[in-house]
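Asks: Let's see this in three dimensions:
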Amino acid sequence: MKVKILSKDQIASLGLGMAEIMAALEEGWTLRATEKVELPAKIGVHPRPDCYIHAMPCFVPKLDMALIKWAAGYPPNLGRGLAYINGLIVVNNAETGLTEIIMDSAWVTAWRTGAAAGVCARFMGGETAEVAAVVGTGVQGIATGIAFGVAAPNLKAMRIHDVLPSQLDRFVAQVGPHCPGVEFVRCQSAEECVRGADLVSTCVPIVEKPRRFVRRAWLKTDVLVIASDYDSAGRRF
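Replies: Numbers count the residues shown, from 1 in each chain. The predicted structure follows:
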């Protein structure tokens, strides 16, 4: 049995753009909604406090592909110089069941989750949005910012906030080229970041007992809030 191994850098080198990923995700959601994929509920284990490892299998008849993502989320890794989100995707031959590909899942996870926010924004107010806000500007926040640039063609400003100020410069450096003409505003607080914004995304670490610091009173009436962190930053927006 020959198994192809693909690293994160090899996957990124394919040069897929956010618009392409959003289109693929939209197609995938359509297949799911019309029951044309087999997608059981994910299961997980929790080896340490606030840490999880999830198993996510899927079969896509249209592509005749069976695969599983084995992904871990370890917030303590942020202080260890290690990736918070990491894992593998294993692709099996649907005819024989033999494993054909083992690939890193970090890049796929980040860009797919960002694309999810982008597709949601495109269908729920992105065309008229002028101000976006991203709370949490790590890898997931960066992918989300790029997706907002695709989903909101009239975007004028993107406000950003992170408890680690050093993250903000990296965010602007990586998202800026995808958002020409957009002003990036570094905010000192989450409230300053989200107040009055048309699009809001929170991308903070997912923990068992979140602090949920973003308040509904900070948000305008007509706002789209996308909690890519499973409501770890706010509740009942």
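Asks: May I have the beta-bridge partners of Ala157?
Replies: The partner list for Ala157 in beta bridges (DSSP bridges) reads Val131, Glu183.
Asks: can you count the residues close to it?
Replies: Look at Ala157: counted by other CB atoms under 10 Å, it has 15 neighbours. From N, CA and C alone the C-beta is placed, and that goes for glycine too.
Asks: just checking, it touches Val131?
Replies: Yes - Ala157 is in contact with Val131 according to CB atoms under 8 Å; the separation is 5.0 Å.
Asks: Need the contact partners of stretch 106-117.
Replies: By CB atoms under 8 Å, 6 or more residues apart in numbering, the residues outside stretch 106-117 that reach it are 8, 11-12, 16, 18, 21-22, 24-25, 69, 71, 83, 85-87, 89, 139-140, 142-148, 151, 201, 226, 228.
Asks: Helices - which of those land there?
Replies: 8, 11-12, 18, 21-22, 24-25, 139-140, 142-148, 151 (DSSP state H).
Asks: Would you map the strands across this protein?
Replies: For the chain, applying DSSP state E gives strands covering 4-6, 43-45, 52-60, 65-73, 85-93, 99-104, 131-135, 157-161, 183-186, 199-202, 224-227.
Asks: Tabulate those strands (JSON lines), appending mean pLDDT.
Replies: JSON lines is the format used below for those (pLDDT from 0 to 100):
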{"stretch": "strand 4-6", "mean pLDDT": "97"}
{"stretch": "strand 43-45", "mean pLDDT": "96"}
{"stretch": "strand 52-60", "mean pLDDT": "97"}
{"stretch": "strand 65-73", "mean pLDDT": "96"}
{"stretch": "strand 85-93", "mean pLDDT": "96"}
{"stretch": "strand 99-104", "mean pLDDT": "97"}
{"stretch": "strand 131-135", "mean pLDDT": "97"}
{"stretch": "strand 157-161", "mean pLDDT": "98"}
{"stretch": "strand 183-186", "mean pLDDT": "97"}
{"stretch": "strand 199-202", "mean pLDDT": "94"}
{"stretch": "strand 224-227", "mean pLDDT": "92"}
